[in-house]
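Student: Below is the structure, and that's it, no one-letter string:
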C-alpha cells in the first residue's frame, strides 16, 4: 500500500542521493582542477593560488595540503549524507508503524525494541504479515550501526557492528548486487 508517508520519505531520500551524486560529480571536477593548480605550487597558500575565491583566506592552507583536505571533505559529506538518509529511513519505519496502528490497531502495536529493525520485524511477524527477507532487516541494522559509527565518532567498531560485517556482509553484498536494485560499487564490508 503506497501512502503519503512513503512519498514524503522517498522524495527526501532521492534528494539526499541527488545531492550526494552532485557532490561526487563536483568533487571529480575539483580534483582535476586542484591537481593542475597545485602541481608546482605545493608551498603556496590558497590566498595566492585562488585570489578570486572569497573563501581562500578562510581556508588558508598550502596547495600541497588541498588533496588531503579534499579527501576529508569528501568523507565528511558522504558520512553526513548517510546519517541523513538513515534518519529518514528510521523515521519512515516509525511513522509507518504508527500508521498501521491507526488503521488496524493491534495488541502488538506496543512491541518495543531499542533496535528499530528488530522492532519492525517483531511487529510484522506479530501482525501476521509476510516476514520481511532477513537481508532487509540486516541491511537496516547495518545502516543504523554504520550511522552510529560515524555520528558517534567511534574509532573502533562496536562488537555488534563488527559481528554483522563478519557474519553477514557477503550475503548482503550478494543480495543487493542481484537485480533488485543497482547500488553500484557499494560494499558492505565497509565501502
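Tutor: Alright, I've got the coordinates. Computed from a prediction, not measured in an experiment: that's the story for all the values here. Numbers count the residues shown, from 1 in each chain.

Student: going forward, measure contacts and count neighbours with C-alpha atoms only.
Tutor: Noted.

Student: What residue, apart from its backbone neighbours, is nearest the residue nearest the centre of the chain spatially?
Tutor: Centroid-nearest residue in the chain, with C-alpha atoms, centre = their mean: residue 82, separated by 1.9 Å. Of all residues not flanking residue 82 in the chain, residue 147 sits nearest, at 6.6 Å (C-alpha to C-alpha, 6 or more residues apart in numbering).

Student: For the helix or strand hosting the residue nearest to the centre of the chain, which helices and strands make contact with it?
Tutor: Taking DSSP states H and E as the criterion, the element that holds residue 82 is helix 66-103. Contact partners of helix 66-103 among helices and strands, from 3 or more C-alpha pairs under 8 Å, 6 or more residues apart in numbering; DSSP states H and E: helix 4-38, helix 116-126, helix 134-151.

Student: Compare these and give me the one nearest residue 172.
Tutor: helix 134-151 (6.1 Å; C-alpha to C-alpha).

Student: Pull out the buried residues from that closest one.
Tutor: For helix 134-151, the buried set under the neighbour-count rule, 16 or more other C-alpha atoms under 10 Å, comprises 135, 137-150.

Student: How is the chain partitioned into domains?
Tutor: Annotated domains of the chain cover 1-105, 112-191 [automatic domain parsing].

Student: And the first one, how far out from the chain middle?
Tutor: A distance of 10 Å separates the C-alpha centroid of domain 1-105 from that of its chain, computed with C-alpha atoms, centre = their mean, to the nearest Å.

Student: for the buried residues of helix 134-151, which one is nearest residue 52?
Tutor: Distances from residue 52 to the buried residues of helix 134-151, taken by C-alpha to C-alpha, are shortest for residue 150, at 34.6 Å.
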